[in-house]
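# this one's sequence-less:
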């Protein structure tokens with residue numbers, strides 16, 4: 001059983017991530033903490049195999065947490081779970097031993113794939129017979145994700161739609177999302193439906209004076 005520590009400053013998102021991890025066979029959550037200092041203390045006192053680490057923490061940056069873990073001699077593995085898209089940050093993460101990098105917003109399927117890929121990598125541990133074995137083990141971690149956005153959808157537009165959702169805690173309809181992000185209503189609805197289908201938003205009917213109810217979309221914790 002792989003023991004996982006969830007490090008996420010948003011309590012609602014942390015609970016969502018905890019539930020996601022518990023749904024994957026072979027993984028269990030050892031603990032949930034909300035700051036870098038708590039993460040370091042937890043790893044000192046408990047058995048942890050893998051850390052799901054948010055980078056934007058209230059007391060420090062996730063990279064500083066990684067460096068502190070290595071300085072303390074900890075061999076715990078880290079999967080970054082963050083909205084940080086700067087490639088310089090990605091490179092720095094690799095340099096401090098981050099084994100996987102998962103961008104928010106993400107679906108359960110995306111996290112499950114990262115965890116399952118991690119398991120395959122860990123199971124390949126042992127003495128390599130030759131260079132092919134080394135290359136194969138490293139390729140396990142670097143295999144492309146199967147959960148790319150559908151054709152015709154862009155990460156930039158998805159980010160804009162998610163930002164619009166998060167700015168309105170009570171939710172919004174496709175028309176408002178379209179006005180906020182500068183895309184067409186049809187495009188906004190397509191992205192909102194994608195988020196809802198993947199558990200990153202939920203649909204809520206809003207009843208007006210006459211006619212059918214209008215569908216509003218409310219951001220879920222994992223879209224944060």
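On my side now, so go ahead. Just so we're clear, the structure is a prediction, and the values are computed from it rather than from any experiment. Numbers count the residues shown, from 1 in each chain.
# need the longest helix for this protein.
Ranked by number of residues, the top helix in the chain under DSSP state H is helix 108-123.
# domains of this structure?
2-142, 155-223 (automatic domain parsing).
# Those domains: which one's closest to residue 149?
Closest to residue 149 of the domains of the chain is domain 155-223 (CB to CB; 6.6 Å). Just so you know, the C-beta spots here come from the backbone N, C-alpha and C atoms, and that holds for glycine as well.
# Show me how far the closest one is from its chain's centre.
20 Å (CA atoms, centre = their mean, to the nearest Å).
# I'd like the next helix or strand past the lowest-mean-pLDDT helix or strand in the chain.
Across the helices and strands of the chain, mean pLDDT, DSSP states H and E gives its lowest value to helix 131-142, namely a mean of 53. Next helix or strand after helix 131-142 toward the C-terminus (DSSP states H and E): helix 155-166.
# Counting by contacts, list what whichever helix or strand comes after that following helix packs against.
As assigned by DSSP H and E, the chain's next helix or strand after helix 155-166 is strand 172-173. Strand 172-173 sits against strand 214-219, with contacts defined as 3 or more CB pairs under 8 Å, 6 or more residues apart in numbering; DSSP states H and E.
# Show me what the strand it packs on is in contact with.
By CB atoms under 8 Å, 6 or more residues apart in numbering, the residues outside strand 214-219 that reach it are 162, 165-166, 169-174, 177, 192, 195-196, 200-206, 208.
# now with 6 Å?
Strand 214-219 is contacted from outside by 165, 166, 171, 173, 192, 201, 202, 203, 204, 206, using CB atoms under 6 Å, 6 or more residues apart in numbering.
# biggest separation within those, which pair?
Comparing all pairs in these by CB to CB, the longest separation belongs to 166 and 206, at 18.8 Å.
# Output the domains of the chain in a markdown table, with mean neighbour count appended to each entry.
Shown next, in a markdown table, are those (neighbours: other CB atoms under 10 Å):
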| stretch | mean neighbour count |
| --- | --- |
| domain 2-142 | 17 |
| domain 155-223 | 16 |
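# Any chance of CSV for the ones you listed, columns distance to residue 149?
Converted to CSV, the domains of the chain look like this (distance: least, CB to CB, whole Å):
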stretch, distance to residue 149
domain 2-142, 11
domain 155-223, 7
